[in-house]
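Q: no sequence on this one, just coordinates:
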């Protein structure tokens, strides 16, 4: 078994992916939005690569059944219902709805890893449950930070490091950590008592603060507010019914 | 000014490179060999991408004027004079000679960054002098770890982090650190009191130990044994005559 993390979001080897569990992470803010929306009762999420694709998709569904969300340059897209702050995705807006979401980094990442054996949606919101699910699946693991416009992202990698820190003491079969996994784990250890400090140091965190979205940083740094682990399958993100979910359903 | 480090050795944007100082790092062991060989009096080094290329090149030069060095799978190549351990590159073998070198990761890296404004050869052996040279050049900086067969390398990135740690307190103009640079700096801070611990954790370090080359790890972890900063220009690595060199020449 190997635990790896892809520090830069380039396309992974799709043959190797076939046997890997993949965890996609985009803390600021796509996977935080996804986990939050599903914990508040969204039925499913369709990640769209472009704004045009999202606008085309929305036409297929009956009015009222669908929410259109996302951002470009961190701002809500014209004509969309919601932006890319998890705080917007509350029960009143999303319960019982399908969500079409397009963001700069996060939604693209799912398409890059689409041949993974399982593709889980990770964030600090569901980090404990994600670790538990990875342990249940007991497969080679690829953590896939969505990055920052193609570059390394500090906050995504730290979340990946926390996942590694939670998993490794409980992994019962032999496993190895790649150099990249050790890097992520060390970054997490450096910031574990103050995740927000890391968000304030990161380029993307600074940009959100400049745009008046600083409250999202503290919000997205919350750990374990839900135990759902959404999964991307056949182009759609949903919550599979697995024994890892608490009785009574979500969150 | 920006200080960046490329955590994975994919080809950088060559338009941006034109205005950047690049520092190539391959601690285990190509750039350690290069710096060591030049500090012991090698005239110049020609990095060859393949074994075949190295064998072709050697025919061009008079016998006795040239040394052929390098490795595949960490071992000396059949018919070559020297392997890839800096300890082999002593005065008696290299003084007054040209060196043709081919290694798995390091020599390829120079070709990937060949459009850089200046391309410096960095290692722990010359880390202080490399930092000083970067400060003199006072340009956007790209640190380029050669990586481990295309993947992230812990030991190269830690050396990059040390370079950042030495440079940033002395940089007089405004500068920014990318998320990747912060990552490298944090990794260095974690291991600065015990670099060898990091080498023992790294995949490449473990491989060298398994092959009986463990002594190279401690050797390559030595800081500041020379003040030369070799530079790659026109396909050749040499030591330019700059004011940063100590009077009386090398080492």
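A: It's in. Bear in mind that the values here come from a model prediction, so they are computed numbers and not experimental data.

Q: all helices for chain A, in order.
A: Under the criterion DSSP state H, helices of chain A are mapped to A:14-17, A:30-39, A:51-58, A:91-94, A:106-112, A:127-137, A:154-167, A:179-191, A:195-201, A:203-210, A:215-220.

Q: buried residues, the fifth one. List them.
A: Going back to what we said before, that points to helix A:106-112. Buried residues in helix A:106-112, defined by neighbour count with 16 or more other CB atoms under 10 Å in any protein chain shown: A:106, A:107, A:108, A:109, A:110, A:112. (Glycine included, C-beta is placed from N, CA and C.)

Q: ok, now the last one?
A: Neighbour-count burial for helix A:215-220, with 16+ other CB under 10 Å as criterion, is recorded at A:216, A:217, A:219, A:220.

Q: ditto for the fourth one
A: Judged by neighbour count using 16+ other CB under 10 Å, the buried positions of helix A:91-94 are A:93, A:94.

Q: who are the contact partners of the residue positioned nearest the centre of chain A?
A: The centroid of chain A falls nearest to residue A:31 when counting by CA atoms, centre = their mean (2.8 Å). By CB atoms under 8 Å, 6 or more residues apart in numbering or on different chains, the residues touching residue A:31 are A:24, A:25, A:106, A:121, A:122, A:123, A:146.

Q: how about it, nearest residue that isn't a chain neighbour?
A: residue A:123 (4.6 Å; CB to CB, 6 or more residues apart in numbering or on different chains).

Q: burial of the one you found, as a residue count?
A: 30 (other CB atoms under 10 Å in any protein chain shown).

Q: re the thing from before, switch the buried residues of helix A:106-112 over to CSV; also include pLDDT and distance to chain B.
A: Shown next, in CSV, are the buried residues of helix A:106-112 (pLDDT from 0 to 100; distance: CB to the nearest CB, whole Å):
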residue, pLDDT, distance to chain B
A:106, 87, 16
A:107, 87, 20
A:108, 89, 17
A:109, 94, 16
A:110, 95, 21
A:112, 94, 15
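
Q: any idea how far residue A:61 lies from chain B?
A: 37 Å (CB to the nearest CB, to the nearest Å).

Q: for that residue, what are phi and psi?
A: Dihedral pair for residue A:61: phi -100, psi 150, per degrees, to the nearest 10.

Q: isn't it right up against residue A:99?
A: No: when contacts are counted by CB atoms under 8 Å, residue A:61 is not listed as touching residue A:99 (10.8 Å).

Q: neighbour count: the two, which is higher?
A: Set side by side, residue A:61 and residue A:99 show more neighbours around residue A:99, with 25 against 13, by other CB under 10 Å.

Q: could you report the separation of that one from chain B?
A: 28 Å.

Q: what parts of chain A come near chain B?
A: By the rule CB under 8 Å from any CB of the partner chain, the part of chain A lying against chain B is A:7-8, A:10, A:148, A:151-154, A:157, A:178-180, A:182-183, A:186-187, A:189-190, A:201-204.

Q: I'd like to know which of those are buried.
A: A:7-8, A:148, A:151-154, A:157, A:178-180, A:182-183, A:186-187, A:190, A:201-204.

Q: low pLDDT regions in chain A?
A: For chain A, the stretches with pLDDT under 70 are A:242-251.

Q: just give the number of residues close to the closest residue in space to residue A:150 that isn't next to it in sequence.
A: With sequence-adjacent residues excluded and distances taken as CB to CB, 6+ apart, residue A:150 is closest to residue A:9, at 6.5 Å. Other residues near residue A:9 come to 25 when the count uses other CB under 10 Å.

Q: same thing with residue A:196?
A: 14.

Q: quick check: it touching residue A:217?
A: Yes: the pair residue A:196 and residue A:217 passes the contact test of CB under 8 Å, sitting 6.2 Å apart.

Q: hang on, the earlier thing: for the contacts of residue A:31, which one is nearest residue A:86?
A: residue A:123 (8.6 Å; CB to CB).

Q: measure the closest one to chain B for me?
A: 18 Å.

Q: what sits against that residue?
A: Taking CB under 8 Å, 6+ apart as the test, what residue A:123 contacts is A:25, A:26, A:27, A:31, A:32, A:34, A:35, A:159, A:220.

Q: I'd say residue A:155 and residue A:206 touch.
A: No: applying CB under 8 Å, one finds residue A:155 not in contact with residue A:206, separated by 11.1 Å.

Q: more neighbours: which of the two?
A: Counted by other CB under 10 Å, residue A:155 and residue A:206 do not tie: residue A:155 has more neighbours, with 31 against 15.

Q: quick one: residues contacting that one.
A: Here residue A:155 is in contact with A:27, A:28, A:195, A:198, A:199, A:202, A:204, A:205 (criterion: CB under 8 Å, 6+ apart).

Q: and those, which two are the farthest apart?
A: Within the contacts of residue A:155, A:195 and A:204 form the most distant pair, 13.9 Å apart (CB to CB).

Q: list of residues touching stretch A:196-208?
A: Under CB under 8 Å, 6+ apart, the answer for stretch A:196-208 is A:27-28, A:74, A:148, A:153-155, A:158, A:187, A:190-191, A:209, A:214, A:216-218, A:220-221, B:178-179, B:182.

Q: now swap in stretch A:103-115 and tell me
A: Outside of stretch A:103-115, the residues within contact range by CB under 8 Å, 6+ apart are A:9-12, A:14, A:17-18, A:22, A:24, A:26, A:29-31, A:33-34, A:47-49, A:70-73, A:84, A:101, A:119, A:142, A:144, A:146-149, A:153, A:232, A:235, A:237.

Q: just the buried subset of the residues you listed, please.
A: Buried by 16+ other CB under 10 Å: A:9, A:12, A:17, A:22, A:24, A:26, A:29-31, A:33-34, A:47-48, A:70-71, A:84, A:101, A:119, A:142, A:144, A:146-148, A:153, A:232, A:237, out of the contacts of stretch A:103-115.

Q: please report the distance of the closest residue to residue A:186 other than its chain neighbours from residue A:190.
A: Of all residues not flanking residue A:186 in the chain, residue B:190 sits nearest, at 5.1 Å (CB to CB, 6+ apart). Residue B:190 sits 7 Å away from residue A:190, taking CB to CB, to the nearest Å as the criterion.

Q: identify the contacts common to the two.
A: In contact with both residue B:190 and residue A:190: no residue, using CB under 8 Å, 6+ apart.
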